[in-house]
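1. Pasting the sequence and the predicted coordinates here, then a few questions.
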Amino acid sequence: MRFAFDHQNDRTTLAVSAMRIAREAGLTTRACWEVATSVAELVSNATRYAGGGELEIRLVSEPRRALEVVVRDRGPGLPDADKAVMDGWSRGRWLAPDEPRRESLGTGLGAVLRLMSEMKIESTIGVGTTVTARKWIP
């Protein structure tokens, strides 16, 4: 299934849709919540930094059976995807310990990495970012 999004409120609607799809795919209740939380975070990031994007949720069977979540945007891209998944990294820089956390905690992509079975980030400066995350189905 594919969904376009362009507003922060879309994160909730799409998280609910992801939870329903995950449940239909046979994931445990906990895994359904992890998928929904990951979708909410990825949609929120794409909306905040790129103005929106597209979410695709599908079943895959290779290398093993999984629910795959793909979020694509046409934003500024990530200068360093490896750092972007580290807690405390936001908008291309480390957040200072005493900095007010009004816009970001710098934990979103790291949370998705921890919640899902695997995650891959492809990003090109000035072109956009695609995050693909999978949750194994038992």
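-> Done, it's in. Every value quoted in this text rests on a predicted model; they were computed, and no experiment measured them.

2. what are the ranges of the helices in this protein?
-> Taking DSSP state H, the helices of the chain run over residues 10-24, 29-50, 81-84, 108-115.

3. Would you single out the least confident of those?
-> Of all the helices of the chain, the minimum mean pLDDT falls on helix 81-84 (a mean of 77).

4. buried sites along that one?
-> For helix 81-84, the neighbour count (16 or more other Cβ atoms under 10 Å) marks Lys83, Ala84 as buried. Backbone N, C-alpha and C define where each C-beta goes, glycine included.

5. nearest to Ile57, of the helices of the chain?
-> Closest approach to Ile57 among the helices of the chain (Cβ to Cβ): helix 10-24, 5.2 Å.

6. Counting by contacts, list what the closest one packs against.
-> strand 2-5, helix 29-50, strand 53-60, strand 66-73 (3 or more Cβ pairs under 8 Å, 6 or more residues apart in numbering; DSSP states H and E).

7. Dump the ones you listed into TSV; add distance to Asp80 and mean neighbour count as well.
-> Converted to TSV, these look like this (distance: least, Cβ to Cβ, whole Å; neighbours: other Cβ atoms under 10 Å):
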stretch	distance to Asp80	mean neighbour count
strand 2-5	25	14
helix 29-50	14	21
strand 53-60	20	17
strand 66-73	17	22
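
8. how about JSON lines for these, with distance to Thr124 added?
-> Listed next are those as JSON lines, based on distance: least, Cβ to Cβ, whole Å:
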{"stretch": "strand 2-5", "distance to Thr124": "21"}
{"stretch": "helix 29-50", "distance to Thr124": "12"}
{"stretch": "strand 53-60", "distance to Thr124": "14"}
{"stretch": "strand 66-73", "distance to Thr124": "11"}
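
9. among these, which is nearest Glu118?
-> Across the helices and strands packed on helix 10-24, closest to Glu118 is strand 66-73 (Cβ to Cβ), at 8.2 Å.
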